[in-house]
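Novice: Build the 3D model from these lines:
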Amino acid sequence: MESLNALVDQADKEELKRVLTDIRRQVNEGAGLANALRDHPKHFGDLYINMVKAGESSGNLDTVLDRLTEFLDAQIELRSKITGAMVYPILMMFVGVGIMSLLFIFVIPKVTQIFKDQGAALPWITQFLIGISDLLANWWFILIPAIGGVVYGFQRWRTSEKGRQKWDRFILKVPVIGNLIRMIAIARFARTLGTLLTSGVPLLQALEIVKDILGNTRLIEVIEDARVNIREGDSI
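Specialist: Numbers count the residues shown, from 1 in each chain. Just a heads-up that it's a prediction; the model follows:
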């Protein structure tokens, strides 16, 4: 209770202070810490709650909380590395698209007029580029809503159950990107499972928790199949 009082006093954000105050109240009334955390799923996920519950059961709550801190720090570091690695290529992609758009809308039409004045026969690739330029310059008011509609429709399909399954399977087969997604998911899976097991969470329960953090339905199916086989007596 003294520790929770100190946390409440030190909390700067009102929402965090409110959450900690409620947790302190429940613990003061006799609830376990894990049960008190469970009432705030927005701030404490299943991984956090189950590790705290295992720590309470084994009497090693302080050690488990230290492991949780290390785990969350490692997750933040991994996320920052991935974000940092992706910023430059994404920025270059937007710059490239912007430059190409300027060329097609403003530069190519002027060059096209020169060709028309000379009456020169143009190769098919040049005619193709000129056609794209005319399309962007004259029909942009139709293209932009059309592209927006395609993106919206794709997002709706991708968030549906069947669409997500097909997309998750497809993305894992994409060269380079698929391997990167798979390695990130496996690293997160191994680190999280190791943290749970070290904290005393039973293997089957730990696998049930870990599968939800993979973010890919195909990989979740693999873990669920493994969990079923382990429950039936197979080794990991």
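Novice: what's around Cys102, how many residues?
Specialist: Careful, residue 102 is Leu and not Cys. 11 (other Cβ atoms under 10 Å). Quick note: C-beta positions are derived from backbone N, CA and C, even for glycine.
Novice: Likewise for Thr112?
Specialist: 17.
Novice: For the protein, which segments count as helices?
Specialist: Assigned by DSSP state H, the helices in the chain fall at 2-10, 14-28, 33-38, 46-58, 61-102, 108-118, 124-138, 140-159, 161-173, 177-198, 203-210, 217-231.
Novice: For the ones you listed, which has the smallest mean pLDDT value?
Specialist: With a mean of 77, helix 108-118 has the lowest mean pLDDT of these.
Novice: Show me what counts as buried in that helix.
Specialist: Buried positions in helix 108-118, judged by neighbour count with 16 or more other Cβ atoms under 10 Å: 108, 112.
Novice: swap in stretch 164-172?
Specialist: In terms of neighbour count (16+ other Cβ under 10 Å), stretch 164-172 has its buried residues at 167-168, 172.
Novice: Could I get these in CSV, plus columns for distance to Phe94?
Specialist: Listed next are the buried residues of stretch 164-172 as CSV, based on distance: Cβ to Cβ, whole Å:
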residue, distance to Phe94
Trp167, 23
Asp168, 26
Leu172, 26
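Novice: surely Asn5 meets Arg24?
Specialist: Yes - counting by Cβ atoms under 8 Å, Arg24 is a contact partner of Asn5 at 6.8 Å.
Novice: of these two, who's got more company?
Specialist: Taking neighbours as other Cβ under 10 Å, Asn5 and Arg24 compare with Arg24 leading, 17 against 13.
Novice: how close does that one get to Asp66?
Specialist: 21 Å (Cβ to Cβ, to the nearest Å).
Novice: Equivalent analysis for Phe189, please.
Specialist: Counting by Cβ to Cβ - Phe189 and Asp66 are separated by 22 Å.
Novice: Tell me which of the two has more neighbours.
Specialist: Legend: neighbour count by other Cβ under 10 Å for Phe189 and Asp66, higher for Phe189 (18 against 12).
Novice: so what's the more buried one up against?
Specialist: 210, 213-214, 219, 223 (Cβ atoms under 8 Å, 6 or more residues apart in numbering).
Novice: how about the residues you listed in CSV, adding distance to Ile142 and neighbour count?
Specialist: Compiled in CSV, those are given as follows (distance: Cβ to Cβ, whole Å; neighbours: other Cβ atoms under 10 Å):
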residue, distance to Ile142, neighbour count
Val210, 47, 25
Ile213, 42, 17
Leu214, 40, 22
Leu219, 40, 18
Ile223, 46, 18
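Novice: can I get these in TSV with distance to Met100?
Specialist: TSV is the format used below for these (distance: Cβ to Cβ, whole Å):
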residue	distance to Met100
Val210	43
Ile213	38
Leu214	36
Leu219	36
Ile223	42
